[in-house]
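Q: Just to be clear, the model below is a prediction. Sequence and coordinates:
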Amino acid sequence: MGDIELLPPLVTCAKRPVGHSVRRWLIRVRPVPSSCCHVGLAGTLTQNLMAVIKSAMRGVHGEEKINNEISGYHIAGEIGRTHEGMSVAISPEEWSEINQLNQSDFTRFLLRLSEIIQLDKYTKSRRGPKKKLPPKVSDKKIPHVSTAKLLAKAKLIKKSP
């Protein structure tokens, strides 16, 4: 939160362990073409955010449950849907309180949020068994004819008067 340091331009990350397997990330940016830098930085930040969220959830609900039953896709969708509303509804002063937390307080904050999360909203969708295709039926009197031959025959019929 307060650990982002922008240096002049390549993206490198240094992770520092906190507690309960929650990690804070320090991101340094060095000069590269701007579009590449923005895409790389956005991807790195997104991946780091998901890692922190899932780590906090693992610390509360257990590694097995989070890894096997919780969908990162559904979590990302929830973040996307609520981010804009939260930025309007929560004042910058309230955000600054979170930004000023030290690592152990921030870890406790994430773990408290993980305790109250409704996991059933983020479960993975289970795919049902695949349906078996019916066996292909071929008529021995009419063998397979390639599409190219059929098109060539149609073209000849069109040309003839």
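A: Great, that's in hand.
Q: Can you spell out which helices and strands pack onto the lengthiest helix in the chain?
A: Longest among the helix segments of the chain by residue count, using DSSP state H, is helix 34-61. Applying 3 or more C-beta pairs under 8 Å, 6 or more residues apart in numbering; DSSP states H and E, we find helix 34-61 packed against strand 11-17, strand 23-29, helix 63-69, helix 72-89, helix 103-116. Placement of C-beta: from N, CA and C, glycine included.
Q: for those, which one sits closest to Ala56?
A: Of all those, it is helix 103-116 that lies closest to Ala56, at 3.9 Å by C-beta to C-beta.
Q: quick one, that closest one and helix 34-61 angle?
A: With axes from the mean of the first three to the mean of the last three C-alpha atoms, to 10 degrees defining the directions, helix 103-116 sits at 70 degrees from helix 34-61.
Q: Could you check helix 103-116 and say which residues are buried?
A: Neighbour counts over helix 103-116 (16 or more other C-beta atoms under 10 Å) mark Gln103, Phe106, Thr107, Phe109, Leu110, Leu111, Ser114 as buried.
Q: Now pLDDT and distance to Ser96 too, for the residues you listed, in TSV please.
A: TSV is the format used below for the buried residues of helix 103-116 (pLDDT from 0 to 100; distance: C-beta to C-beta, whole Å):
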residue	pLDDT	distance to Ser96
Gln103	87	17
Phe106	87	13
Thr107	88	19
Phe109	90	14
Leu110	89	17
Leu111	91	21
Ser114	91	23
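Q: Quick one: those as JSON lines, columns for distance to Thr44 too.
A: Below are the buried residues of helix 103-116 laid out as JSON lines (distance: C-beta to C-beta, whole Å):
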{"residue": "Gln103", "distance to Thr44": "20"}
{"residue": "Phe106", "distance to Thr44": "19"}
{"residue": "Thr107", "distance to Thr44": "21"}
{"residue": "Phe109", "distance to Thr44": "23"}
{"residue": "Leu110", "distance to Thr44": "19"}
{"residue": "Leu111", "distance to Thr44": "24"}
{"residue": "Ser114", "distance to Thr44": "23"}
